[in-house]
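>>> Below is the sequence, then the predicted model.
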Amino acid sequence: MHRDLAEKLRLTAAALGCATRKDLCAQFRRANPASQVDPDRLGKWMQGRAAPRDSSVYADWARLIGTARSAAWMRSCSPEELRAELARTLNLEASALPLAEPGLGGPGAHLVGAYACYSPAWSPYFAGRVIRGSLSLTPGRRRTIMAAYSETLLGRRVSFTGAPTIGGSIHLPLTEEGSGLPVYLALYLPPPPASVLAGIIAGTTMVGPECRPSAGRLIALRVPDKAALARSDRYLAAGESIADDLVALGLPPASARAAGAITERLLTEPGSAAFGQVPLSAQTALAAELDPVWLGCPVAADGT
């Protein structure tokens with residue numbers, strides 16, 4: 001039941017274009033200023049850890065999506081039934097509201113996909129450059145997620161794998177199979193459609209005269225072309241455009257340009273800014289540019 005609730009809230013957030021949990025909470029408050037929904041409760045519900053005790057939440061939910069269905073129906077309907085109702089009441093294509101993949105319905109189901117990862121190069125031989133890696137999140141056993149983060153270093157593809165811990169954020173303790181070396185990613189946990197995972201990557205340099213403990217910002221952007229992503233990890237050339245790379249990976253040009261500009265600014269700010277926390281405002285700004293791509297909003301041929 002909790003898994004279905006989390007999936008139904010995910011579908012509602014996607015249908016309403018909510019970029020964050022706070023955005024969805026605000027929508028509930030617009031439907032009913034006295035709503036019992038708050039960010040903390042909503043976070044637990046969307047993670048499948050709890051369910052509303054007050055039936056008024058389901059009445060608010062029905063009012064929010066503009067359905068005449070009862071609160072009892074909102075509580076008991078399946079994700080498939082709610083998706084059809086959302087498509088009808090909000091005039092959407094049901095295909096724009098994908099359900100979680102079979103076998104994966106726990107916390108983080110909406111994260112499954114392929115992400116282009118950009119971070120400042122740690123190697124002293126590539127100082128000042130950006131390295132483009134890739135992150136793949138796939139369904140595992142027993143409603144879990146498996147993660148694989150890869151980089152191509154001196155012509156060799158190096159992959160780190162492991163299982164994430166998902167709570168208020170995403171924690172990825174990963175290990176390279178050949179050497180046993182670890183790398184650690186800590187990322188924001190966004191609501192659907194999870195177009196952006198921004199945060200920190202930490203580990204040691206693998207290309208250099210010594211292993212230097214290192215950390216830096218990492219911006220992971222969901223991309224459509226998984227095959228192109230897998231074969232194109234690299235150090236970006238000096239002056240190479242992140243936007244052009246995103247276009248090559250299947251994102252619409254206008255969205256790629258906007259996201260690329262924000263990402264480049266985050267990774268090349270003067271001083272030590274590129275090796276600190278990623279502000280929530282940056283995660284939100286990127287999601288505002290890319291969420292519409294994954295929510296099925298119309299995009300013109302020129303990407304606008």
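Nice, I can see it. Residues are numbered from 1 along each chain as shown.
>>> so what's the residue nearest the centre of the chain up against?
The centre of the chain sits closest to residue 194, judged by CA atoms, centre = their mean, with a distance of 2.9 Å. Taking CB atoms under 8 Å, 6 or more residues apart in numbering, we find residue 194 in contact with 110-111, 113, 222, 294. (Each C-beta comes from the backbone N, C-alpha and C, glycine too.)
>>> Among those residues, give me the pair with the biggest separation.
Farthest pair in those (CB to CB) is 111 and 294. Separation: 12.0 Å.
>>> still on that earlier bit, look up phi and psi at the residue nearest to the centre of the chain.
With angles defined as degrees, to the nearest 10, residue 194 sits at phi 50, psi 50.
>>> State the distance from it to residue 156.
Per CB to CB, to the nearest Å, residue 194 is found 30 Å from residue 156.
>>> ok, now how distant is the residue nearest to the centre of the chain from residue 122?
26 Å.
>>> what's the answer for residue 144, then?
Distance from residue 144 to residue 122, counting by CB to CB: 30 Å.
>>> quick one, which of those two is more surrounded?
residue 122 (22 against 15; other CB atoms under 10 Å).
>>> Could you check what's spatially nearest to the residue of the chain most remote from its centre, not counting adjacent residues?
What lies farthest from the middle of the chain is residue 209; by CA atoms, centre = their mean that is 34.8 Å. Nearest non-adjacent residue to residue 209, counting by CB to CB, 6 or more residues apart in numbering: residue 124, 7.4 Å away.
>>> same check, this time on residue 70
The shortest distance from residue 70 to any non-neighbouring residue, by CB to CB, 6+ apart, is to residue 62 (7.0 Å).
>>> Which secondary structure elements does the helix or strand that contains the one you found sit against?
Element membership for residue 62 (DSSP states H and E) is helix 56-65. If you count contacts as 3 or more CB pairs under 8 Å, 6 or more residues apart in numbering; DSSP states H and E, helix 56-65 packs onto helix 2-16, helix 21-31, helix 71-76, helix 79-89.
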